[in-house]
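Q: structure for this input, please:
(4 chains)
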Number of protein chains: 2
Amino acid sequence: MPTTAETRHDRVFAALASPVRREVLRMLREEGPQPVSSLAGRFAMARPSFSEHLRVLREAGLVSERRAGRQRLYRLEPVPLHEVQEWLGPFERFWRERLAGLRDVLDRMEDTDERDDIS
Amino acid sequence: MPTTAETRHDRVFAALASPVRREVLRMLREEGPQPVSSLAGRFAMARPSFSEHLRVLREAGLVSERRAGRQRLYRLEPVPLHEVQEWLGPFERFWRERLAGLRDVLDRMEDTDERDDIS
DNA sequence: ATGACACGTAGGAAATCTCCTACCTATAGT
DNA sequence: ACTATAGGTAGGAGATTTCCTACGTGTCAT
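A: Presented below is the predicted three-dimensional model:
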């Protein structure tokens, strides 16, 4: 059973659907590769639970692990998030139109308010 | 209990972690607002199961529903996907560097290959 | 009013997720 | 070799997800 793009998207989006895992990604982005203990420190959770979150991120390809002595350095991997952005691409034109439309409506409402204020 | 941005991201990403629901979003983007039967036709699934998927999309704010006679027109809503793109923003610079780095490595490998071919 | 249609809710089974405690493995320092 | 440290796996409880069948609600047509 090959890993289809569909399945990879499933895994990536599911991995992103947890504040803990999103925070891990943010830390790796802002502070660079880190060992598990450094990442885990921020979360009030037993270690094995945190290990499980790392496993989900690993299996989604969002992070990779490099062994260094008895530590394991986790590093952010760019490809899956880039694929998310590409998935988002076709929706961008759509929401530009809709949000522009909304902005027009709000602009007209402001105009009306101003006229109300003046009159 | 207010709905934090964190919680909204949870719901949106969880909603996107299903091929059925992503396909619904694609249909609404490409074919515009549609009644449930039109959307459900493509899926080999009992109606109530499909209704459940629509509920998940609704509660994530990804779609909205408008009643029209005995049909309900579902429409794609732009805001949550736009928020996903904004969430992705800070990662973009990061992966540009990493992917550029990878491209450099590949370029150097190709150069080496060429030299090998020539020599 | 009555039947048909569009769509939803109720409730339940099986799978999956997220947390836990207990235990295992590998490396580093003495 | 022995102990401590870093981080994982095993297994289980409770909540959630995803599907189902059965049934309810509102709207249209006759």
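Q: all the strands of chain A, residue numbers only.
A: Ranges of strands in chain A, per DSSP state E, are A:34-35, A:63-68, A:71-76.
Q: list the contacts for the closest residue to residue A:5 other than its chain neighbours?
A: Spatial nearest neighbour of residue A:5, chain neighbours left out: residue A:83 (7.9 Å); criterion: Cβ to Cβ, 6 or more residues apart in numbering or on different chains. Every residue, glycine included, has its C-beta placed from N, CA and C. Residue A:83 sits next to A:5, A:8-9, A:12 when contact means Cβ atoms under 8 Å, 6 or more residues apart in numbering or on different chains.
Q: filter those residues by proximity to DNA strand D?
A: Residues of these in contact with DNA strand D (Cβ under 7 Å from any atom of the strand): none.
Q: would you mind listing which of those residues are buried?
A: A:9, A:12 (16 or more other Cβ atoms under 10 Å in any protein chain shown).
Q: now render the contacts of residue A:83 as JSON lines, adding pLDDT.
A: Output for these, formatted as JSON lines (pLDDT from 0 to 100):
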{"residue": "A:5", "pLDDT": "79"}
{"residue": "A:8", "pLDDT": "94"}
{"residue": "A:9", "pLDDT": "97"}
{"residue": "A:12", "pLDDT": "98"}
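Q: returning to what we had before: and of the strands of chain A, who's closest to residue B:109?
A: strand A:63-68 (19.9 Å; Cβ to Cβ).
Q: buried set for the closest one?
A: For strand A:63-68, by 16+ other Cβ under 10 Å, it's A:63, A:65.
Q: anything in that strand near chain B?
A: No. Counting by Cβ under 8 Å from any Cβ of the partner chain, chain B is not contacted by strand A:63-68; separation bottoms out at 11.2 Å.
Q: and that strand, which strands flank it?
A: Paired with strand A:63-68 in the same sheet, following DSSP bridges, are strand A:71-76 (antiparallel).
Q: of the contacts of residue A:83, which is the nearest to residue B:69?
A: Proximity of the contacts of residue A:83 to residue B:69 was ranked by Cβ to Cβ; the top entry is residue A:9 with 35.4 Å.
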